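**Q** return a 3D structure for these sequence lines:
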Amino acid sequence: MAGEPPLIRLRGVTRVYGEGAAEVRALDGVDLDIERGEFVAIMGPSGSGKSTAMNVIGCLDRPSSGQYLFEGVEIAGLTRDQRALLRRNYLGFIFQGYNLLARTSALDNVELPLIYKGLPREERVERAMRALALVGLEGREHHDPSQLSGGQQQRVAIARALAGDPQVLLADEPTGNLDTRRSVEIMELLVQLRLERGLTIVMVTHEDDMAAYAERIIWMVDGRIDSDRRKGKAA
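**A** Alright, predicted model coming up:
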């Protein structure tokens, strides 16, 4: 819609750790717009600021200075509880390490964040079952992580992120622990979810072949955006 603000907007964002000689500028004046429905890969060498950028976008960390707006709302003006509600209701997280509870079924793992939403048991189970079906894990609902392959465990993690019906999926090295075949399966699933559900996906990765699934690749160096390319051309 004309005149709509971007879903995510960073303006002059810095993130500084330490002081004096120990100061580290993890982010150094980042300007970034991400529109609804985009699939963005953030890349860069170790220490480039890509994970810090992800943490700021996910409201897991706060800028030292600059503006972060989500749907036009200044995040700095939100209370701690309001930021938690934003994460809970608008954002879904996928991590390299899956972060599943051991000796706990796939269904219960996916259902867990819905408990914090205060949803009744019947609705939680329905949503969790639907999310597991969406990632192709019908029939695996009662398997615990030890009974699932790495790729299947990551699918459970994706289902858990989807169960809350987020607008944005934030994926931090989602294929980092997987072999090539399983990595391709996960990336194809993310592309499918974006197309079918209109999700916005922001992914941190160091793998060129995984970043190629995104429509836009941002390269960071020393806390700054060095390049921003969309489908083969500079943005």
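**Q** show the backbone phi and psi for the spatially most central residue of the chain.
**A** Central residue check for the chain by CA atoms, centre = their mean: the C-alpha nearest the mean position is that of L170, 0.5 Å away. Here the main-chain torsion angles of L170 (degrees, to the nearest 10) amount to phi -110, psi 110.
**Q** quick check: phi and psi at the residue nearest to it when sequence neighbours are not counted.
**A** Nearest residue to L170 in three dimensions, chain neighbours excluded: G58, at 4.8 Å (CB to CB, 6 or more residues apart in numbering). Any C-beta I mention is one placed from the backbone N, CA and C, and that applies to glycine too. In terms of degrees, to the nearest 10, the main-chain angles of G58 are phi -80, psi 10.
**Q** repeat for S46
**A** Backbone dihedrals for S46, given as degrees, to the nearest 10, come out at phi -60, psi 130.
**Q** quick one: the residue nearest to the centre of the chain and T200 touch, right?
**A** No - with contact taken as CB atoms under 8 Å, L170 and T200 are classed as non-touching, separated by 9.4 Å.
**Q** find the nearest non-adjacent residue to Q153, please.
**A** That would be Y98: by CB to CB, 6+ apart, it lies 4.7 Å from Q153.
**Q** ok, the one you found - contacts?
**A** Contact criterion CB atoms under 8 Å, 6 or more residues apart in numbering gives 145, 150, 153-154, 156-157, 177 as the residues in contact with Y98.
**Q** in three-state terms, label it for me.
**A** For Y98, the assignment made with DSSP: H, G, I helix; E, B strand; the rest coil gives coil.
**Q** next one: R9
**A** Secondary structure state of R9, per three-state DSSP, is strand.
**Q** tell me who's in contact with it.
**A** Contact partners of R9, counting by CB under 8 Å, 6+ apart, are 32-34, 67-69, 72.
**Q** buried ones only from those, please, as a ChimeraX command.
**A** Entered in ChimeraX, the line below selects the buried ones among the contacts of R9, by 16 or more other CB atoms under 10 Å:
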select :32,34,68,69
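**Q** right, I'll leave it there.
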